[in-house]
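> No sequence on hand, only this structure:
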Ligand code: ADP
Ligand code: ZN
Ligand code: ZN
């Protein structure tokens with residue numbers, strides 16, 4: 001391409017990125033003008049000299065050639081955080097596919113003045129001795145919500161109201177009652193800049209274990225030596241990873257650098273935040289979805305001005321405009337929420353590495369169950385790997401029983417509880433201990449399996465399970481293959497070939513039937529429409545308001561219930577039979593997390609995994625909490641079938657008003673590529689086919705996949721298709737690209 005023109009915006013703000021101005025690049029500056037560079041341009045009628053940023057390049061004028069103006073010069077002191085953000089946006093646009101405007105809007109915070117908001121805080125109104133006395137009184141009455149507030153107040157005299165409500169899961173009546181007792185005062189504060197007020201009382205680092213100290217010194221040592229790396233800390237929950245992050249950040253801050261810490265929103269607990277505040281005081285801030293646009297913008301401004309050292313938040317905190325970033329930490333790096341679901345569909349892990357490259361920072365990843373991507377790269381020496389294998393807080397790993405549901409059926413047990421699970425549940429009810437029953441319903445995609453032998457109906461071409469449609473057909477959502485639903489199991493002839501339909505509600509009913517006296521709480525997408533009800537259920541369970549908590553994956557993440565000594569996983573295969581190449585990985589992660597819920601307190605825990613496929617490697621290794629064993633088998637499968645991370649995938653999704661149109665466009669794409677590209681350079685094509693979610697909001701969705709060993713080859717395909725779609729100007733059809741997708745379409 002002959003890119004002799006540049007698009008320039010004169011103000012880096014949400015409102016202005018929609019209207020870039022095109023200028024000609026003078027011959028002398030060709031090659032130097034790239035996205036992110038700051039330039040002097042003549043502007044307006046009087047050709048006033050102003051500064052602008054190059055956001056994109058173009059090969060044609062959008063204006064009569066003789067009228068288009070020329071860039072005057074490159075700005076000499078051009079290294080600004082805006083330049084960095086534009087370079088990041090440009091990389092995201094090229095790497096993931098989207099327009100430059102959409103990419104810019106992703107990285108630039110919405111400018112919005114912070115309104116005069118009234119914020120409340122909680123102030124301790126009595127001596128610590130009195131607080132301690134109250135705690136023991138509350139303990140007798142089992143008022144655990146009150147205890148949580150009082151314990152927090154032992155450490156701090158002033159606490160933000162919102163944190164107490166949201167992160168400690170304490171309801172307003174509890175706080176009002178404490179106020180009536182004269183223990184606390186609730187006060188309003190008319191203006192605040194920081195979502196978390198400074199918390200008095202700093203805390204020094206814990207004496208580190210030898211392993212922890214080694215990791216910190218190694219990473220910081222390499223940084224001092226001029227090396228900027230990506231590091232992966234593989235360590236079970238409670239093995240001291242967060243303490244390692246804190247240690248690294250502390251040294252970065254001492255050098256005058258800043259740090260970004262990504263934590264999945266659901267795991268951003270009060271306890272975690274408190275640890276950061278105690279170490280870094282008011283130079284740390286948090287970014288999350290409860291902040292208003294104005295508050296978010298305000299945090300970004302504080303970071304830009306050098307008022308902050310550390311920001312903690314989910315994915316979007318990556319774009320915090322720090323002047324001198326030292327490190328990006330990504331905790332629970334395997335979490336799916338790190339991948340954006342809207343364009344550009346970026347992954348925070350990959351994007352963090354790119355940001356680190358632009359800003360000269362290091363990246364630290366941590367997980368108990370690393371993503372295949374991160375572990376694969378560690379294996380190739382691209383990430384340095386550290387292992388932390390002991391729980392520092394004591395507590396042993398739970399005892400795990402794997403129950404074969406086919407055997408239960410053979411023995412005449414048709415209940416959703418195996419005999420083992422039933423007897424252990426009874427046991428817990430007698431002992432007054434809590435249990436969690438976990439149903440992985442997200443995996444429920446209408447797959448069909450045999451209750452007698454466990455056989456799952458799969459696509460003969462894709463090795464993924466077929467989905468049952470209402471018309472009785474079994475359909476592959478990868479390639480479009482379909483067949484009629486057989487009456488009997490093709491493997492054993494049994495007539496128990498069924499779709500798995502149990503939901504959390506049915507489980508709750510079954511618990512009531514089997515254990516009429518048990519107090520049950522249920523948590524799933526239906527029972528937690530609002531954020532508040534989610535918090536309410538969790539705090540009620542933490543307070544001992546129920547014996548059994550039934551729920552979906554929401555219950556396995558980020559919450560500690562010390563009184564839970566039994567975890568039942570009702571149908572481990574549900575997530576295994578997703579028509580998705582990541583199903584094994586997701587299942588392993590979920591089972592490992594769920595199992596880890598049992599026995600967090602002083603009492604030992606037990607876990608029952610019920611499954612139709614006890615021989616599946618995801619289940620075997622999860623039961624043993626053996627990550628390496630799982631990885632070794634999973635990576636062979638990915639390599640064999642050329643799925644990420646062994647190779648790369650590009651998903652092209654068409655969303656159309658008419659039923660046929662979207663699929664036809666994708667077919668046109670394939671034909672166009674075959675004309676345009678030589679046979680041997682053509683990537684492996686799968687589809688097009690209707691997407692698993694084939695209709696959404698009255699729009700029809702079709703999907704096309706490409707596989708190739710080299711990511712860059714797929715970027716090329718995306719570029720060709722993007723240009724083609726622009727030229728054809730398809731009406732009422734939108735096209736989305738997704739590289740190495742996390743979910744099925
Ligand atoms: P992870 O992030 O891997 O879950 P944490 O850093 O949160 O682990 O540590 C788990 C628990 O162990 C925390 O309560 C923490 O305070 C404690 N801990 C961490 N490091 C040490 C240490 N060196 N000595 C004693 N306790 C520690
Ligand atoms: Zn198929
Ligand atoms: Zn069978």
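Arrived safely. What you see is a predicted model, and the numbers here were worked out from it, not measured in a lab. Ligands and ions are numbered 1, 2, ... in the order given.

> what number of residues lie near residue 358?
Residues lying near residue 358 (other Cβ atoms under 10 Å) number 15. C-betas here are computed from N, CA, C, even on glycine.

> isn't it right up against residue 86?
No - Residue 358 is beyond contact range of residue 86, at 10.3 Å (criterion: Cβ atoms under 8 Å).

> Adjacent strands (with direction) for the lengthiest strand in the chain?
In the chain, assigned by DSSP state E, the strand with the most residues is strand 684-696. Sheet pairing here is set by DSSP bridges, and for strand 684-696 it gives strand 699-708 (antiparallel).

> Could you pull up the contacting residues of the residue minimising distance to the centre of the chain?
The centre of the chain sits closest to residue 337, judged by Cα atoms, centre = their mean, with a distance of 1.8 Å. Residues near residue 337 by Cβ atoms under 8 Å, 6 or more residues apart in numbering: 264-266, 314-315.

> Can you narrow the residues you listed down to the ones near ligand 3?
Residues of the contacts of residue 337 in contact with ligand 3 (Cβ under 5 Å from the ion): none.

> Now render those as a markdown table, adding distance to ligand 2.
Conversion of the contacts of residue 337 to a markdown table gives the following (distance: Cβ to the ion, whole Å):
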| residue | distance to ligand 2 |
| --- | --- |
| 264 | 32 |
| 265 | 34 |
| 266 | 33 |
| 314 | 34 |
| 315 | 32 |
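
> Quick check: of these, which has the highest neighbour count?
Ranking those using other Cβ under 10 Å puts residue 315 first, with 22 neighbours.

> Just to check, residue 450 is in contact with residue 495?
No - assessed by Cβ under 8 Å, residue 450 is found out of contact with residue 495, at 9.3 Å.

> Name the secondary structure element that contains the residue nearest to residue 100 when sequence neighbours are not counted.
For residue 100, ignoring the flanking residues on the chain, the nearest one in space by Cβ to Cβ, 6 or more residues apart in numbering is residue 56 at 4.6 Å. Using DSSP states H and E, residue 56 sits within strand 48-58.

> who does that strand pair up with?
Using DSSP bridges, the strands paired with strand 48-58 are strand 5-9 (antiparallel), strand 38-43 (antiparallel).

> Single out the most deeply packed of those strands.
strand 5-9 (a mean of 23; mean count of other Cβ atoms under 10 Å).

> Strands along the stretch 551-700 of the chain, start to end?
Here the stretch 551-700 of the chain has its strands, by DSSP state E, counting those that start in this stretch, at 564-569, 606-611, 648-656, 684-696, 699-708.

> rank those by pLDDT, which is bottom?
Lowest mean pLDDT within the strands of the stretch 551-700 of the chain: strand 684-696, a mean of 85.

> Quantify the burial of residue 636 by counting its neighbouring residues.
Around residue 636 there are 12 other residues, counting by other Cβ under 10 Å.

> Tell me the confidence at it?
96.

> where does the stretch 251-400 of the chain have low pLDDT?
Counting by pLDDT under 70, the stretch 251-400 of the chain has low-confidence residues at 393-395.

> Of all residues in it, which one is closest to ligand 1?
Nearest to ligand 1, among the residues of the stretch 251-400 of the chain, is residue 392, at 3.8 Å (Cβ to the nearest ligand atom).

> Could you pull up the contacting residues of that residue?
Listed by Cβ under 8 Å, 6+ apart, the contact partners of residue 392 are 209, 238-240.

> and the gap between the residue in the stretch 301-450 of the chain positioned nearest to ligand 2 and residue 499?
Closest approach between the stretch 301-450 of the chain and ligand 2, counting by Cβ to the ion: residue 447, at 13.5 Å. Noted for residue 447: a distance of 7 Å to residue 499, by Cβ to Cβ, to the nearest Å.
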